[in-house]
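A.B. asks: Give the three-dimensional model of this entry:
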Amino acid sequence: MILRTIFSRKKRAAVLLLFLLGAACMAGCQQKKEPVTKHGFYFDTVIQITLYDDSKEALIDDCFAMAEAFQKRISKTEKGSDIYEINHANGASVFVSEDTLALLEISKKYESLSGGSFDITIGALADLWDITNNPGDLPSQEAITEALSTTGIENIKISGNQVTLNNPDTRLDLGGVAKGYMADQMKEYLNAQGIQEGFINLGGNVLLLGPKSSKEPYAIGIQKPFSPEGTPMFTVKPMDGSVVSSGVYQRYFEKDGRIYHHILDPSTGYPYENGLLSVTILCPSSADGDALSTTCFSLGLEQGMALVEELEDTEAVFITDTYELVFSSGMGEDIPYEVLPASP
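C.D. replies: Just a heads-up that it's a prediction; the model follows:
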């Protein structure tokens with residue numbers, strides 16, 4: 001049974017876009033325009049961009065070129081990228097791009113908001129677990145302790161465009177914010193080209209390009225955790241903004257009946273065990289949504305929801321390990337949603 005809980009406001013893991021083609025076509029056909037969709041693959045994820053104007057298809061290729069260039073600057077595994085160079089500089093200073101500086105500042109902001117639970121210096125720990133490729137091998141406690149000794153935001157020194165790791169063994173991992181930041185850059189570019197309708201989907205990070213001309217909301221389905229068919233558990237219906245989910249079902253392995261997922265606790269070195277399966281954040285910026293979804297998951301239900309309720313223009317939906325849906329106070333009032341019938 002799904003319970004619907006709404007937190008009162010003291011202050012005012014995969015996301016599935018349920019694209020309403022009928023409404024889109026109705027608006028587009030009136031202007032003799034049709035939606036156009038293209039796919040690319042960057043940052044180990046599929047990128048889908050849909051514009052409600054097929055004459056603007058070339059702009060999608062521009063966005064893919066942006067993604068490729070961004071990946072070459074930010075990837076931790078691609079030689080020559082800013083992050084690769086920082087991680088392999090043995091403590092020497094590295095000159096980085098404005099994008100990298102912006103990502104580091106966003107990351108520092110959420111490290112502070114989360115009390116350290118959002119931590120981009122856990123690269124060594126993430127590599128140790130290697131959740132995506134791990135067949136079920138648990139790291140030793142000694143290896144985890146050693147990896148934890150390299151973490152801490154204080155290990156990052158920024159001076160102008162120079163970045164230095166005070167601990168040469170520290171490894172940065174911007175996976176918790178990079179996709180959202182890239183989506184924001186694409187939206188900014190498309191809006192500047194006059195595109196105000198459509199969406200960007202970066203492996204579940206959905207960013208809307210603006211309200212539909214039909215004045216109808218978008219319908220975005222949030223996946224039921226561990227559903228093999230990707231069945232949506234509920235839909236949210238925003239007019240604009242970003243929808244981002246983080247959850248234990250996106251990258252994980254199972255051993256002895258226990259799930260080991262990719263959201264790692266920098267205080268223990270192990271995946272979080274806090275009674276949550278996923279957190280979905282709705283806010284204007286995809287970079288903020290990306291970082292907040294991980295931050296709120298790491299804080300747990302009560303502290304995570306308390307943070308959301310303090311932030312302007314931000315809503316959230318938590319799914320607990322008993323499949324209870326917990327909504328922030330603006331959901332339903334500010335952003336409509338619909339809980340879908342449970343699968344048989």
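
A.B. asks: wait, residue 34 sits on residue 54?
C.D. replies: Yes - look at residue 34 against residue 54 with Cβ atoms under 8 Å: they come within range, at 4.7 Å. In this view, the C-beta of every residue, glycine as well, is placed from N, C-alpha and C.

A.B. asks: Partner strands of whichever strand or helix holds residue 318 and their direction?
C.D. replies: Assigned by DSSP states H and E, residue 318 belongs to strand 315-320. Using DSSP bridges, the strands paired with strand 315-320 in its sheet are strand 276-283 (antiparallel), strand 325-327 (antiparallel).

A.B. asks: How far off centre is it?
C.D. replies: 14 Å (Cα atoms, centre = their mean, to the nearest Å).

A.B. asks: Now do the buried residues in it.
C.D. replies: Residues of strand 315-320 classed as buried by neighbour count (16 or more other Cβ atoms under 10 Å): 315, 316, 317, 318, 319, 320.

A.B. asks: swap in stretch 39-55?
C.D. replies: 40, 42, 43, 47, 48, 49, 50, 51, 52, 53.

A.B. asks: how about the residues you listed in JSON lines, adding secondary structure?
C.D. replies: Converted to JSON lines, the buried residues of stretch 39-55 look like this (DSSP: H, G, I helix; E, B strand; the rest coil):
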{"residue": "40", "secondary structure": "strand"}
{"residue": "42", "secondary structure": "strand"}
{"residue": "43", "secondary structure": "coil"}
{"residue": "47", "secondary structure": "strand"}
{"residue": "48", "secondary structure": "strand"}
{"residue": "49", "secondary structure": "strand"}
{"residue": "50", "secondary structure": "strand"}
{"residue": "51", "secondary structure": "strand"}
{"residue": "52", "secondary structure": "coil"}
{"residue": "53", "secondary structure": "coil"}
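
A.B. asks: Looking at the residues you listed, spot the one nearest residue 296.
C.D. replies: residue 43 (22.0 Å; Cβ to Cβ).

A.B. asks: ok now do that closest one, which residues does it touch?
C.D. replies: Counting by Cβ atoms under 8 Å, 6 or more residues apart in numbering, residue 43 touches 67, 71, 75, 178, 179, 182, 202, 203.

A.B. asks: ditto for residue 265
C.D. replies: Contacts for residue 265 (Cβ under 8 Å, 6+ apart) come out as 117, 271, 272, 298.

A.B. asks: The residues you listed in helices, which ones?
C.D. replies: Judged by DSSP state H, helices contain the following of the contacts of residue 265: residue 298.

A.B. asks: okay, among the contacts of residue 265, which ones form the most distant pair?
C.D. replies: Using Cβ to Cβ, the contacts of residue 265 span at most 12.7 Å, a distance reached by 117 and 271.

A.B. asks: didn't residue 213 look like it was pressed against residue 197?
C.D. replies: Yes - the criterion here is Cβ under 8 Å, and residue 213 meets it with residue 197 at 5.9 Å.
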